[in-house]
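1. what follows is a predicted protein model with its sequence.
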Amino acid sequence: MVVRIKSGKSIKGVLNYNEQKVGQGKAELILATKFACDVSELTFSQKLRRFAQLNNKSQKVNTNAMHISLNFAIGEKPNTEFLQKIVADYMDRIGFESQPYLVYRHDDAGHAHIHIVTTPIKANGRSINIHNLVQRKSEPARKDLEQEYGLIPAESRKKENPFTPTPANLEAAVYGKAETKAAISNIVREVAANYKYTSLEELNAILGQYNVTAYRGAVGSRQHVNRGLSYSMVDRDGYKIGIPIKASSIYTSPTLNNLEKKMEQNKLKKIPYKKYAQGKLDAVVARSNSLEGLIGGLQQKNVQCHFERNDKGEIQKVYFIDPFNRTIYEAGELGYTLESLFNSLKYKKASQTDKQQRNTSLSDLASLERFKMDISLEIIKNLMATEQTGPGMDPGFFKKKRKKKRKPR
């Protein structure tokens, strides 16, 4: 069993995520502990109000939302009763037995898994210590539960068949097709959590593939000064459309501060994949003689190009995105300046043109020589086929004239 724990500042965002899955038919609420009524009778407002009552008792604590997932091995198919029992056991062992929590069974992946929504704020206004919770309590609890319930241990699965939750099959956001906030949130959560970007520009290059952008606000604006961040849908020309949503309203909280922490970590995480991306780029550049050829060649190798342009439409930077390893590199990281990259393409195109011209010239020269030779052969043939004294010629023409002797004076 693999356990994942995320903490945040928006209990509403965590609740919204799971309720949207329920609305889409991809999840089901199977347990509600420390709530006043049965699961079937709970409304969204009642769920949110119950958590808010506790969170309002401690204004000093910023982290008031917990999102825990228990993931079972492929092939394990626990029923609802089993899930309810193991969740209660797990929550008791990590110190959340007295907290209200909701349990959702999700059916949107190839393995059985559940999501638990709760808060660390207790009835007395104090907070449960969640510092290093995974190592202190969650990991020991997981190992004990695996043994007691006969589950496949996470360690053995990592050795034989590593468990890596498959990212959502993202589709580009289309304005008006789906609820704006849900569409943007789904894309931002997936990209921000899984890609190895090291700047906001790189993050936007990836998000741009899905018609989404992160925006800090105009320089000097209140949003920019306060280091705020919002996400918006964009049209095919890159212009923002629809209502933007605040980063803090997404339950994983992909704010500028949190993203910058992740960017620092990604600087090291992306290093092992650099040679892989560089090898693909070198191979395509070697046989491309145009920008279109470069883009098409990389797409065949599952690498996407992103061009950053200025107001005049001139290319300023080129990024190469590898969705397989979820990495992104600026051309300079892979050994190419913008000038050297385009000069290489122009040089090969010019070389190919010169070669074609040379081939054409040589072909024309050869044709001319063949023509001359054919004419010469024809003349010789005609001369040899005709007698030396051909018709119409005076035979005497070919007789030598005798020289007259001069009389002696």
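-> Alright, I've got the coordinates.
2. K267: what secondary structure?
-> helix (DSSP: H, G, I helix; E, B strand; the rest coil).
3. where does it land on pLDDT?
-> pLDDT, K267: 95.
4. and E28, how many neighbours does it have?
-> Number of residues near E28 (other Cβ atoms under 10 Å) recorded here: 15. (Each C-beta comes from the backbone N, C-alpha and C, glycine too.)
5. wait, doesn't it sit right on Y104?
-> Yes: using Cβ atoms under 8 Å as the test, E28 is close enough to Y104 to be in contact (6.7 Å).
6. what is in contact with these two at once?
-> Shared contacts of E28 and Y104 (Cβ atoms under 8 Å, 6 or more residues apart in numbering): V22.
7. residues touching S344, list them.
-> V285, Y336.
8. hmm, 10 Å instead?
-> By Cβ atoms under 10 Å, 6 or more residues apart in numbering, the residues touching S344 are V285, A286, S288, N289, L294, Y336.
9. in a helix, the fourth one, correct?
-> Translated: N289. No: read with three-state DSSP, N289 is coil and lies in no helix.
10. could you measure from it over to G297?
-> Using Cβ to Cβ, to the nearest Å, N289 is found at 11 Å from G297.
11. now do the third one
-> Computed with Cβ to Cβ, the distance linking S288 and G297 is 5 Å.
12. which one is the residue nearest to the spatial centre of the chain nearest to, not counting chain neighbours?
-> The chain has P323 as the residue nearest its centroid, 4.2 Å off, counting by Cα atoms, centre = their mean. Closest residue in space to P323, ignoring its immediate chain neighbours: N302 at 6.5 Å, by Cβ to Cβ, 6 or more residues apart in numbering.
13. how about the helices in the stretch 151-300 of the chain?
-> Secondary structure of the stretch 151-300 of the chain (DSSP state H, counting those that start in this stretch): helices located at 154-160, 180-194, 200-207, 222-225, 256-269, 274-287, 291-300.
14. now do the buried residues in the shortest one.
-> Taking 16 or more other Cβ atoms under 10 Å as the basis for neighbour counts, the residues of helix 222-225 that come out buried are Q223.
15. likewise for stretch 335-342?
-> Across stretch 335-342, burial judged by 16+ other Cβ under 10 Å covers Y336, L341, F342.
16. returning to what we had before: export the helices of the stretch 151-300 of the chain to TSV and tack on distance to G75?
-> Formatted as TSV, these follow (distance: least, Cβ to Cβ, whole Å):
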stretch	distance to G75
helix 154-160	11
helix 180-194	25
helix 200-207	33
helix 222-225	49
helix 256-269	30
helix 274-287	32
helix 291-300	36
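17. now, of those, which is deepest in the fold?
-> helix 200-207 (a mean of 22; mean count of other Cβ atoms under 10 Å).
18. which helices and strands sit right next to that helix?
-> Packed against helix 200-207, as judged by 3 or more Cβ pairs under 10 Å, 6 or more residues apart in numbering; DSSP states H and E, are the following elements: helix 180-194, strand 212-215, strand 230-234, helix 256-269, strand 304-309, strand 315-322, strand 327-330.
19. could I get those as TSV with distance to H115?
-> Formatted as TSV, those follow (distance: least, Cβ to Cβ, whole Å):
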stretch	distance to H115
helix 180-194	13
strand 212-215	24
strand 230-234	22
helix 256-269	20
strand 304-309	31
strand 315-322	29
strand 327-330	28
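20. so which of those gets nearest G8?
-> Among the helices and strands packed on helix 200-207, the nearest to G8 by Cβ to Cβ is helix 256-269 (9.5 Å).
21. now do the closest one against helix 180-194, angle only.
-> If you take axes from the mean of the first three to the mean of the last three Cα atoms, to 10 degrees, helix 256-269 sits at 40 degrees to helix 180-194.
22. among the contacts of S344, which two are most distant?
-> By the measure Cβ to Cβ, N289 and Y336 form the most distant pair in those, at 15.6 Å.
23. average pLDDT across stretch 288-302?
-> Confidence for stretch 288-302, expressed as mean pLDDT, is 87.
24. residues in contact with Y149?
-> Contact analysis of Y149 by Cβ under 10 Å, 6+ apart lists M1, E76, P78, F82, K85, I86, D89.
25. for the residues you listed, work out which two are farthest apart.
-> Taking Cβ to Cβ, the two most distant members of the contacts of Y149 are E76 and D89; they sit 16.2 Å apart.
26. so I68, which state does it fall into?
-> Taking three-state DSSP as the rule, one finds I68 in the strand state.
27. with adjacent residues omitted, what lies nearest to it?
-> Closest residue in space to I68, ignoring its immediate chain neighbours: I116 at 4.2 Å, by Cβ to Cβ, 6+ apart.
28. am I right that the one you found is in a strand?
-> Yes: using three-state DSSP, the secondary structure at I116 is a strand.
29. show the pLDDT at it.
-> Listed pLDDT for I116 reads 96.
30. same question, N18
-> If you check N18, the pLDDT there is 92.
31. just give the number of residues close to it.
-> 22.
32. state the helix or strand in which it lies.
-> For N18, the host element (DSSP states H and E) is helix 11-23.
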